[in-house]
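> sequence? don't have it. structure:
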DNA sequence: CTGTTAGCGCCTTCAG
DNA sequence: CTGAAGGCGCTAACAG
């Protein structure tokens, strides 16, 4: 059947321990013997069982990734980059997709990752209990979504600075009635992103001496469809905005669609800024605040790798990556309302 | 440190085997003892190590997924659906992202999944050698991309039927000069998708008595940027098409962008059909051939699950899922060239 | 119904 | 430099 270490040992005329040492590059094996063992192992197609070696060495060479989605752009990008870093260092990636409440409960009660991973990366907005449960696994922990938390090395961006860039850009173009598409009360608690972005919106408006008009704010649910609904709502305001900041590119795409349906031109009749620099933002010509997505995954994976390799080392509490404004076709100077 | 089965056994005043039996729901344990053990285990926060139990029982309760991308829409959707099916049945998902040649070589030489998974799903276009290597793992195998192959249960769509729908739609609208954006010679061998779709394009044209004009074919590389280049190229033809079939929505998005840059109206000046029904196709108003993406993952996962649970059972060689045309805003009847 | 005895395949002492 | 012994945490027979 499947070839084991003793098969290799026999075939090479040595003991299993020597095979183990030789194949893992440990010192204390003569070059000659090592060469022979390597050759025999290859000819037999031998691969050490990670399960067994993990049991014996108490290291699994596996990292768990906990995510609410894998099909959504942001998460896909992060997972992709994490996997690349880890696999290059010989680690495998165990993926736990806990998007539904059901799957989430299942994960946190059964804790299938326990004793199975050397480190864990969370892309979830965790509750305190969930964070505690993960800490009980006693492995290095990192997070990419959600704010800093004790016990987790968190990688992220400065949401307020990003939102400020967007709103500032619109103000600089002369806009005075600037709408906001964000999230409503359905958003998970502990998810600070929409709160921070909204706060920056309010602050930037205030700094420019602009009053906040509640009528210019709509809930886009962080989805394309929600963004479409939200923009439609804003267009029905008594005194509609001339520009809108959508807190995510997906909502901005939906908003763009609503504008097209209403026969409005962009940027002439309405300006729009998104957030993320989604893969298709460029295609849509969307002005947006770019955040380095893959880099966040890479950074988190590197931290975890470092933690696993130097168990004592202190992990950074928060690593902040830069954001920048990418001006494209959906923003332009304020114009007098067209005559249409 | 981490609590083991013997800790639970001691605390409950029974043997380790009894704990094992009780927790796995095996018969042969009195209800009373089982209840006590369950309680003790919960209070201690005990979770069996899958590594150890896998070693002992020769089942890992883990499925490997081999993919070239995780950040790209199609693959993200498939992985997402696969994970859902598997985790609902208690299986973990080991993700191997082998997009680069380097990662791919690493995977196929080290074979890290060997002895680590109970089944494997490939989203890769495999070479014969790679397929053989996977077969040597001696576990149930399934594939979602690429044609049927011995040893693999393959799930897919009828690419020719899909492409035919697209071209037929354009012909029915009165178009006679229909372009094709597909892939050039850089595509991996063994990847039958573009070949099949192109063949259907040629056949459908022929059936309608239309001649094939090589000038109307361009390489879009299956990417957004490639689609943009391809459309630009088609527009420079001596006698440009009035409609184009792009073999993927991503290329179609790029094509749409090229059209916008050239100031052409869609569908008045040019019609366009994509393939996939990408998440943002609706937003873009793109007419496309929809394929059930998540369903392909679900179907493959179910087959694997079945294979693992009934080791003897025959697996289907090929499961074909239906495609359908979704008409949106990028196609319309042929018109006389506009006067612009 | 329950406990005991052997491993699963590998790594890690400890001798030699 | 190399081999033998023991154990990682769990499950699978086998006895009672």
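Arrived safely, thanks for sending. Remember, predicted model here, so these are calculated numbers, not experimental data.
> Skip the chain neighbours and tell me the closest residue to residue A:193.
Sequence neighbours aside, residue A:159 is the residue nearest to residue A:193 in space, at 5.5 Å (criterion: C-beta to C-beta, 6 or more residues apart in numbering or on different chains). From N, CA and C alone the C-beta is placed, and that goes for glycine too.
> Would you mind listing where the stretch 201-340 of chain A has pLDDT under the threshold?
A:336-340 (pLDDT under 70).
> ok and the residue in it nearest DNA strand C?
Ranking the residues of the stretch 201-340 of chain A by distance to DNA strand C (C-beta to the nearest atom of the strand) places residue A:311 first, at 13.3 Å.
> show me what contacts the closest residue to residue A:182 other than its chain neighbours?
With C-beta to C-beta, 6+ apart as the criterion, residue A:182 has its nearest non-adjacent residue at 4.6 Å, and that residue is residue A:247. The contact partners of residue A:247, by C-beta atoms under 8 Å, 6 or more residues apart in numbering or on different chains, come to A:163, A:180, A:181, A:182, A:183, A:193, A:194, A:197, A:198, A:220, A:222, A:275.
> Which single one of those is nearest to DNA strand D?
For these, the residue nearest DNA strand D by C-beta to the nearest atom of the strand is residue A:193; the value is 38.1 Å.
> Surely the closest one is in contact with residue A:160?
No. The criterion here is C-beta atoms under 8 Å, and residue A:193 misses it with residue A:160 at 10.2 Å.
> do stretch A:264-282 and chain B meet at all?
Yes. Part of stretch A:264-282 sits near chain B under the criterion C-beta under 8 Å from any C-beta of the partner chain, namely A:279, A:280, A:282.
> Same list, these, but as TSV with neighbour count and secondary structure please.
Supplementary listing: these in TSV, determined by neighbours: other C-beta atoms under 10 Å in any protein chain shown; DSSP: H, G, I helix; E, B strand; the rest coil:
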residue	neighbour count	secondary structure
A:279	19	coil
A:280	23	coil
A:282	19	helix
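> I'd assumed the residue of the stretch 201-340 of chain A closest to DNA strand C was in a strand, is it?
No. Remark: residue A:311 does not belong to a strand; assigned using DSSP: H, G, I helix; E, B strand; the rest coil, it is coil.
> OK, contacts around it?
Contacts of residue A:311 (C-beta under 8 Å, 6+ apart): none.
> how close does it sit to DNA strand D?
Residue A:311 sits 17 Å away from DNA strand D, taking C-beta to the nearest atom of the strand, to the nearest Å as the criterion.
> got it, and residue A:245?
Between residue A:245 and DNA strand D the computed distance is 52 Å (C-beta to the nearest atom of the strand).
> can you check residue A:190 too?
Going from residue A:190 to DNA strand D by C-beta to the nearest atom of the strand gives 32 Å.
> Which residue is the nearest non-sequential neighbour of that residue?
Counting by C-beta to C-beta, 6+ apart, the residue nearest residue A:190 is residue A:125, at 5.1 Å.
> and that neighbour, helix, strand or coil?
For residue A:125, the assignment made with three-state DSSP gives coil.
> What's the local residue count around it?
Neighbour count for residue A:125, taken as other C-beta atoms under 10 Å in any protein chain shown: 18.
> doesn't residue A:188 make contact with it?
Yes. Contact status for residue A:125 versus residue A:188: in contact at 5.1 Å, counting by C-beta under 8 Å.
> give the contact list for the closest residue to DNA strand D within the stretch 151-300 of chain A.
Proximity to DNA strand D, evaluated over the stretch 151-300 of chain A using C-beta to the nearest atom of the strand, is greatest for residue A:151 at 22.2 Å. In this structure, residue A:151 makes contact with A:131, A:134, A:135, A:141, judged by C-beta under 8 Å, 6+ apart.
> how close does the second one sit to residue A:115?
As defined by C-beta to C-beta, to the nearest Å, residue A:134 lies at a distance of 14 Å from residue A:115.
> the more surrounded of these two?
Taking neighbours as other C-beta under 10 Å, residue A:134 and residue A:115 compare with residue A:134 leading, 25 against 22.
> Whichever strand or helix holds that one: what's the following helix or strand?
Following DSSP states H and E, the helix or strand that holds residue A:134 is helix A:128-135. Going down the chain from helix A:128-135, the next helix or strand is strand A:141-143, by DSSP H and E.
> Now find how far off-centre that following strand is within its chain.
Taking the mean C-alpha point of strand A:141-143 and that of its whole chain, the gap between them comes to 11 Å (C-alpha atoms, centre = their mean, to the nearest Å).
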